[in-house]
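Asks: here is the input, now give the coordinates:
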Amino acid sequence: MLNYSILIDHWDMYMQGFSNTLKSSLLALVGSLVAGTIIAIFRIAPIRPLNWIGAIYVEFIRNIPLILIVFVFFVGLPAIGIRLDPFTAGTLGLTVYTAAFIAEAIRAGILSVPKGQMEAARSSGLTYLQAMWHIILPQAIKIVIPPLGNQFINLVKNSSVLGVIAGLDLMYFGDLISSETFVTFDVYIFVAMLYLVLTIPLSLGVGALERRLARSR
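Replies: Here you go, the predicted structure:
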C-alpha cells in the first residue's frame, strides 16, 4: 500500500514541482512549435542555404542527447559570460531539442499537401510566405496532429531533465522528498501520478482534436 502521508506532508513541494513542470512544458511547447515550423519551412524553401541550415539543425539536434543540450545552456554559456538559471537553461534546452522533431513532422505535413496548391496561391498574387502561412501550413498542421501530439507528450516527460540541473521541476522535488524521507518507491509513484495528470488530458485532447478535424475534411 502506498504511504499517502508522504504526499500529504509534502504537498507544497509536489505542487511547486508540478507548477514548474507545467510552466516549463508550456513555454517549451510554444517555443518548439514556433521554432520547429520555421525550421520546417527552411527545409523546403526554394533557397538552398536555408535548406542547409534546416537540415544541419535537424540532423545535429536529433542525434545528440537532450541532457547534453541542456548542459550547453547551463554550463557552456556561463563559460562565455552568459548565465542562466537552471529553470531557464532546462526550458531552452527542451525547446531546442523538441523543435527538431516538430520540424520533421511539419515538413512531412507540408510535403503531403499537393504542390499545385502552392502554384495556385503564387499565381493568384500571394508571396511564398503568404501562401505558406495562409494555404499550406493550415493543411499541413491538420495532417500531422497525431505526431505533433506525441511530440508534445514526449516534451512533458522530457521536462524531467530539469531535475538533473536543479530546475525545480517534479523530478527535482521528488529527489528532494526522497532524500528527506528515505523513501523511494512511494515518492516516485506520486511523481508519476502527477506526470499522468499532465499527459493524459493532453493525449485525450489531441485525440479529440484529431477526430474533430477528420470530420471537418
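
Asks: let me see the mean pLDDT of stretch 53-68.
Replies: This predicted structure assigns stretch 53-68 an average pLDDT of 95.

Asks: contacts for that stretch, please.
Replies: Residues outside stretch 53-68 that contact it (Cβ atoms under 8 Å, 6 or more residues apart in numbering): 39-43, 45, 69, 93-94, 96-97, 99-101, 103-104, 158, 161, 164. For every residue, glycine as well, the C-beta is placed using N, CA and C.

Asks: now with 6 Å, please.
Replies: Ile39, Phe42, Arg43, Tyr97, Ala100, Ala103, Asn158, Val161 (Cβ atoms under 6 Å, 6 or more residues apart in numbering).

Asks: and for stretch 28-47?
Replies: Outside stretch 28-47, the residues that touch it by Cβ under 6 Å, 6+ apart are 50, 53-54, 57, 91, 94-95, 98-99, 102-103, 106-107, 110, 152, 155.

Asks: now, those residues that are in helices?
Replies: Of the contacts of stretch 28-47, the ones assigned to helices by DSSP state H are 50, 53-54, 57, 91, 94-95, 98-99, 102-103, 106-107, 110, 152, 155.

Asks: now, of the residues you listed, which are buried?
Replies: Among those, those buried by neighbour count (16 or more other Cβ atoms under 10 Å) are 50, 54, 57, 91, 94-95, 98-99, 102-103, 106-107, 110, 152, 155.

Asks: phi and psi next, for Val183.
Replies: Taking degrees, to the nearest 10, you get phi -120, psi 140 for the backbone angles of Val183.

Asks: ok, now Phe182?
Replies: With angles defined as degrees, to the nearest 10, Phe182 shows backbone torsions of phi 60, psi 30.
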